[in-house]
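K.L.:
Provide a 3D model corresponding to the input given below.
(2 chains)
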Protein chains: 2
Amino acid sequence: MMKATARAHTNIALVKYWGKKDPTLMLPQTDSLSLTLDRFYTTTSVEFDPTSAADQIQIDQAPAAPNVAQRVSQFLDLVRPQGCFARVASVNNVPMAAGLASSASAFAALAAAASWAQGLHPSRTELSRLARRGSGSATRSIFGGLVEWHAGHDDQSSFAEPIQEHVDFGLEMLAILLDTRQKKIGSRRGMQHVVATSPYYPTWREVVAHDMAAMKLAIAAQDIDQIGHLAQTNALRMHALNLAADPGFTYFNAATLKAMETIDHLRETGVSCYYTMDAGPNVKVIYDRRDRETILTALTPQFGADHLVVAKPGPGVEKLTDERDSLI
Amino acid sequence: MMKATARAHTNIALVKYWGKKDPTLMLPQTDSLSLTLDRFYTTTSVEFDPTSAADQIQIDQAPAAPNVAQRVSQFLDLVRPQGCFARVASVNNVPMAAGLASSASAFAALAAAASWAQGLHPSRTELSRLARRGSGSATRSIFGGLVEWHAGHDDQSSFAEPIQEHVDFGLEMLAILLDTRQKKIGSRRGMQHVVATSPYYPTWREVVAHDMAAMKLAIAAQDIDQIGHLAQTNALRMHALNLAADPGFTYFNAATLKAMETIDHLRETGVSCYYTMDAGPNVKVIYDRRDRETILTALTPQFGADHLVVAKPGPGVEKLTDERDSLI
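P.N.:
Numbering: from 1, shown residues only, chains lettered A, B, ... in the order given. Predicted coordinates:
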């Protein structure tokens, strides 16, 4: 039985991860904190086949692009003996490469499925370390709910752990899907450029240290307004790093600015709602579920109901044991 | 003869002024460096009338708004004996309050006209100090061409001086007029908010110190490509401060992003051109005059010929002695 299927959900950082200190071990420059979402996830089956001569990697029912296939194969090398090839099939319920962090759910699911297919029984902490090697934000997608990633200083010390796996105080996120085409500057390249050239980067480390502490207090107090305020400020300070790089760049487009303005305006009228953006133009709204309908009503005329996706706190990585769930 | 008319031209900073350390004396946090432009200017006549009981202030042929009139009157108090009222008439050849710094040319012209109408003979350094009290950037508009404002530490030491009054190596600016409506957040309020809340502000001071030195070297070398590169990077680092404030804000709108993208793209195709933005959505392009037609050809389809204004280096403040130039 060298086959297993796993499902992992994507996560959106409330305190952003933006910059590596070790690109091989994927150690981040700072801690970070996220919310795992129920609506966006990846399901991945891995089957090791001793008789096979090469990896076969399918993503969304098509052979993976060569650069993606290589990244997956290199990741599999971390869990398999040499010369043991695999069939991998993966399906994303995530708009890819548009700042909705499909690589987070993808590598979390791959880490789990590959480990289980090898007959290993890693702890979730061990899975979190392993997922990190595929994609930084995948570290956090092993867990559900509100999750903290400890930057650490080596492979052993850099892993995520849950702050609150079952978030039951009304925290929700709404994704405004503005552009699901490929992003111009991938997050790996963007953050590397920022660490190398943005003069504000040293201060960003201090910003994150402050925001991590403040965000954990806000979570303990179940203070959604404060969580949102901290998340928005943190996101804008991350995007300010990009503008300040040399050359400067931005992930924002016209629709991003429009969404930001709309949310800011809605908040000024008394609705507690805030935004966050990642390495793409999409905007995610942070709010209390009791305000969901008000916010949807305000956003629908501008962005269209099809582009608004409500997401609730989601679970950590799961083993799918029903053979019907297998993609292979 | 208690009447005089002056004309001053606006300027666009290549190394930005963004933050005061003394709001009464209008001492800036940092040095700055600008290019005075021929196309945008203010003409102002001042007549002191011992028989008058109040100031009468006209701007663009209409009575000034109360807050503007008060600001002008308080400025006049710096040059006149108590109880001496004035008629002021001012005409702007500048799209107002859209990041094209009409207050720079306005207070430079007012400082000169009011001083001359009082029968004073201030040096240009003295005029520069005086203009500063009306509007920070007016400090620089006393001079033509490339101008440096020394931040200083008191009234005496904070003034501008020319680096190169007659710029003859081909440096030009093209203003893309995207929005001439009133800006959302005035520059005074914007910069004050940034100094108070942006964690990147201390680093901005270091950025400016570096950029001042580098820009003066680039000017000495008549290296327009380097001047443009430094100006664009400096501008984006200023705008990054705004995004990083609490709450964060931006002067960019959809058209600003489009213009930035167009200029970046044009540069990638080999045309040396860069952008800068101030406290508004308008974009100014920095380039060598030999590339003017190429740049106009590239921008016209997107922004329309009516919205593109070519500006050359302009002169410092001038006395208009012909009675026909008087606005009173």
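
K.L.:
Can you give me the separation between residue A:165 and residue A:82?
P.N.:
Look at residue A:165 and residue A:82: by CB to CB, to the nearest Å, they are 37 Å apart. Where you see a C-beta, it was placed from the backbone N, CA and C, and this is true even at glycine.

K.L.:
So which of the two has more stuff around it?
P.N.:
residue A:165 (15 against 5; other CB atoms under 10 Å in any protein chain shown).

K.L.:
How about the residue of chain A at minimum distance from chain B: what's its closest non-neighbour residue?
P.N.:
Going by CB to the nearest CB, chain B is nearest to residue A:254 of chain A, at 3.3 Å. Among residues not flanking residue A:254 along the chain, residue B:254 sits closest, at 3.3 Å (CB to CB, 6 or more residues apart in numbering or on different chains).

K.L.:
Would you map out the domains in chain A?
P.N.:
A:3-167, A:171-311 (automatic domain parsing).

K.L.:
So residue A:199: helix, strand or coil?
P.N.:
What DSSP: H, G, I helix; E, B strand; the rest coil gives for residue A:199 is coil.

K.L.:
My read is that residue A:164 contacts residue A:143, right?
P.N.:
No - with contacts counted by CB atoms under 8 Å, residue A:164 stays clear of residue A:143, the gap being 9.9 Å.

K.L.:
Show me which of these two is the more surrounded one.
P.N.:
With neighbours defined as other CB under 10 Å, residue A:164 and residue A:143 compare such that residue A:143 has more, 30 against 20.

K.L.:
Within the helices and strands, which one has that one?
P.N.:
Under the assignment given by DSSP states H and E, residue A:143 is not contained in any helix or strand.

K.L.:
ok, it - contacts?
P.N.:
Counting by CB atoms under 8 Å, 6 or more residues apart in numbering or on different chains, residue A:143 makes contact with A:36, A:124, A:128, A:160, A:161, A:162, A:165, A:316, A:317.

K.L.:
Buried subset of the residues you listed as a PyMOL selection?
P.N.:
The PyMOL command for the buried members of these (criterion: 16 or more other CB atoms under 10 Å in any protein chain shown) is given here:
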select buried, chain A and resi 36+124+128+160+162+316+317
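
K.L.:
Take the contacts of residue A:143 and keep only those in helices.
P.N.:
The members of the contacts of residue A:143 that map onto helices under DSSP state H are A:124, A:128.

K.L.:
out of the contacts of residue A:143, who's nearest residue B:103?
P.N.:
Among the contacts of residue A:143, residue A:36 lies closest to residue B:103 (CB to CB), at 50.0 Å.

K.L.:
Return the residues in contact with the residue of chain A positioned farthest from its centre.
P.N.:
Here chain A reaches farthest from its C-alpha mean at residue A:51, the gap being 34.9 Å by CA atoms, centre = their mean. Neighbour list for residue A:51: empty [criterion: CB under 8 Å, 6+ apart].

K.L.:
Helix or strand for it, just tell me which one.
P.N.:
Secondary structure (DSSP H and E) places residue A:51 outside all helices and strands.

K.L.:
Just the pLDDT at it, thanks.
P.N.:
Residue A:51 carries a pLDDT score of 90 in this model.

K.L.:
Could you report the neighbour count for residue A:319?
P.N.:
12.

K.L.:
partner residues bridging it?
P.N.:
Residue A:319 has the following beta-bridge partners by DSSP bridges: residue A:6.

K.L.:
That one reaches residue A:5, doesn't it?
P.N.:
Yes - contact criterion CB under 8 Å: residue A:319 and residue A:5 qualify, at 7.4 Å.

K.L.:
Could you list the residues in contact with stretch A:68-81?
P.N.:
By CB under 8 Å, 6+ apart, stretch A:68-81 touches A:46, A:48, A:55, A:57, A:59, A:63-64, A:86, A:88, A:107, A:110-111, A:114-115, A:118, A:120, A:130, A:133-134.

K.L.:
List buried residues within those.
P.N.:
A:46, A:48, A:55, A:57, A:59, A:64, A:86, A:88, A:107, A:110-111, A:114-115, A:118, A:130, A:133-134.

K.L.:
Narrow these to those in helices?
P.N.:
Of the buried ones among the contacts of stretch A:68-81, the ones assigned to helices by DSSP H are A:107, A:110, A:111, A:114, A:115, A:130, A:133, A:134.

K.L.:
JSON lines please, covering the residues you listed and showing distance to chain B.
P.N.:
JSON lines is the format used below for those (distance: CB to the nearest CB, whole Å):
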{"residue": "A:107", "distance to chain B": "30"}
{"residue": "A:110", "distance to chain B": "35"}
{"residue": "A:111", "distance to chain B": "34"}
{"residue": "A:114", "distance to chain B": "40"}
{"residue": "A:115", "distance to chain B": "40"}
{"residue": "A:130", "distance to chain B": "34"}
{"residue": "A:133", "distance to chain B": "31"}
{"residue": "A:134", "distance to chain B": "31"}
